[in-house]
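> starting from these lines, generate the structure:
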Amino acid sequence: MTRAGELVRQVETNAPGIQIIAMSRSSDPEILLESMRAGIREFIALPFQYQQLEEALRRVQEQLSKRPPAFQTSDLVYSFLPSKAGVGASTVALNVAVALSQIPETSVVLSDFDLNSGMMRFMLKLDNGYCVADAAEHALEMDEALWPQLVTSIGGMDVLHAGKLNPGFRIEATQIRHLIDFMRRNYKALCFDLSGNLEKYSLEIMHESKRIFLVCTPEIPALHLAREKYSYLKSLDLEDRITVLLNRVSNRPVITPEQIEQILGLPILMTFPNDYNGVHRALTAGHAIDTSSELGRRFTRLAQTLVDKRPTPPAAATKKRFIEYFSIMPSRAS
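Okay, here's the model as predicted:
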């Protein structure tokens with residue numbers, strides 16, 4: 001009974017208001033008293049009559065309608081959306097997730113939802129045979145016993161990889177919502193690496209996200225597609241969640257970050273220097289970027305920003321003066 005009492009207290013701590021029914025083959029008064037002290041309102045002695053169970057369930061239902069359980073869930077849900085293929089969004093997502101996991105008391109799950117060309121399994125040299133498709137198929141009955149088999153733990157981070165090429169696989173919105181709800185209850189921060197193809201399940205993830213990071217490089221094709229995607233996401237009322245992460249910035253860029261903000265009409269949250277050798281070494285070794293490098297320090301700084309509870313001042317509106325000279329990126333016709 002002592003163990004049962006500890007379990008009840010733990011459950012009540014994580015989900016205040018949850019209703020518990022105790023069953024025992026003994027109806028000893030001492031056991032009943034201990035159950036009441038543990039906060040258990042309903043007790044049924046075995047074997048029981050179905051009417052007893054029905055009445056207990058009815059009382060539990062009444063209590064739940066008055067005081068539904070309040071699960072502790074996280075709102076730190078981040079989507080990483082590439083403006084185009086090859087801008088390094090997976091590298092950014094991986095290293096931000098790792099940096100988040102190194103912050104005390106910050107458990108992280110990194111999910112690769114690029115079902116056509118997901119790179120996390122390759123980048124981290126994972127050999128787990130289970131993947132996103134398996135998680136989606138079991139989303140409605142996901143629990144703490146099944147989940148550890150689907151993910152690979154690396155330090156304070158769990159990784160759910162995309163699996164083998166599976167272009168025909170479809171994920172329903174209800175599966176996405178159930179998966180994210182489960183993750184929110186079990187992790188402090190959720191990071192999603194998306195394909196950039198704006199599939200329905202990707203849009204569902206973005207709707208559930210606190211921040212959407214549009215990852216691009218300071219190149220004309222990447223900036224053009226970044227603006228196209230931003231325009232589309234604005235039509236879905238997601239513009240307030242979107243900021244830019246500018247990757248592979250050189251010391252003397254042809255197009256400066258300030259000009260890119262004018263082009264996109266979006267603030268750049270952070271720039272990342274071009275470190276080809278550092279990225280190559282990390283890929284070869286199957287781990288994150290060296291945190292002592294300038295690129296690694298930028299990821300650490302971004303992670304700290306994401307968990308900082310101080311309010312972020314609203315970004316000032318940017319004018320698009322520079323875009324007048326950017327003739328390769330015409331405005332969409334109305």
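
> all contacts plus neighbour counts: C-alpha atoms, from now on.
Noted.

> and the contacts of stretch 275-290?
When contacts are defined by Cα atoms under 8 Å, 6 or more residues apart in numbering, stretch 275-290 is touched by residues 94, 95, 98, 122, 123, 124, 125, 248, 295, 296.

> so for the fifth one, what's the pLDDT?
Right, residue 123. The pLDDT attached to residue 123 in the predicted structure is 97.

> what about it, distance to residue 214?
In this structure, residue 123 and residue 214 are separated by 21 Å, where distance is defined by Cα to Cα, to the nearest Å.

> so which of these two has more stuff around it?
Summary of the neighbour comparison: residue 123 and residue 214, criterion other Cα atoms under 10 Å, with residue 214 having more neighbours (25 against 18).

> the more buried one against residue 247, yeah?
No: the pair formed by residue 214 and residue 247 falls short of the contact definition of Cα atoms under 8 Å, at 10.3 Å.

> tell me where the model's unsure across the chain.
Scanning the chain for pLDDT under 70 picks out the ranges 1-5, 7-17, 26-27, 31-32, 36-39, 67-71, 309-334.

> identify the bridge partners of the residue nearest the centre of it.
The residue lying closest to the centre of the chain (Cα atoms, centre = their mean) is residue 190, at 2.5 Å. Residue 190 has the following beta-bridge partners by DSSP bridges: residue 77, residue 109.

> tell me the contacts of it?
The neighbourhood of residue 190, defined by Cα under 8 Å, 6+ apart, consists of 76, 77, 78, 108, 109, 110, 111, 183, 184.

> repeat the analysis, applying 10 Å as the threshold.
In this structure, residue 190 makes contact with 74-79, 97, 100, 107-111, 157-158, 180, 183-184, 209-210, judged by Cα atoms under 10 Å, 6 or more residues apart in numbering.

> hmm, back to that, I'd like the contacts of stretch 275-290 as TSV, with distance to residue 150 appended.
What follows is the contacts of stretch 275-290, written out as TSV (distance: Cα to Cα, whole Å):
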residue	distance to residue 150
94	18
95	21
98	19
122	16
123	18
124	15
125	15
248	33
295	30
296	28
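
> of those residues, which belong to helices?
Where the contacts of stretch 275-290 overlap with helices, as defined by DSSP state H, the overlap consists of 94, 95, 98, 122, 123, 295, 296.

> determine which two of those residues are furthest apart.
The most widely separated members of the ones in helices among the contacts of stretch 275-290, counting by Cα to Cα, are 122 and 295 (20.9 Å).

> more crowded one of the two?
For the pair residue 122 and residue 295, the greater number of neighbours falls to residue 295 (22 against 14), based on other Cα under 10 Å.

> was I right about the more buried one contacting residue 272?
Yes: look at residue 295 against residue 272 with Cα atoms under 10 Å: they come within range, at 6.1 Å.

> overlap in contacts, these two.
Overlap of the contact sets of residue 295 and residue 272 (by Cα under 10 Å, 6+ apart) consists of 247, 248.

> quick one: the helices in the stretch 151-300 of the chain?
Under the criterion DSSP state H, counting those that start in this stretch, helices of the stretch 151-300 of the chain are mapped to 173-186, 200-208, 220-235, 257-264, 276-285, 294-307.

> let's have those in JSON lines, adding distance to residue 20.
Output for the helices of the stretch 151-300 of the chain, formatted as JSON lines (distance: least, Cα to Cα, whole Å):
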{"stretch": "helix 173-186", "distance to residue 20": "19"}
{"stretch": "helix 200-208", "distance to residue 20": "30"}
{"stretch": "helix 220-235", "distance to residue 20": "44"}
{"stretch": "helix 257-264", "distance to residue 20": "53"}
{"stretch": "helix 276-285", "distance to residue 20": "49"}
{"stretch": "helix 294-307", "distance to residue 20": "34"}
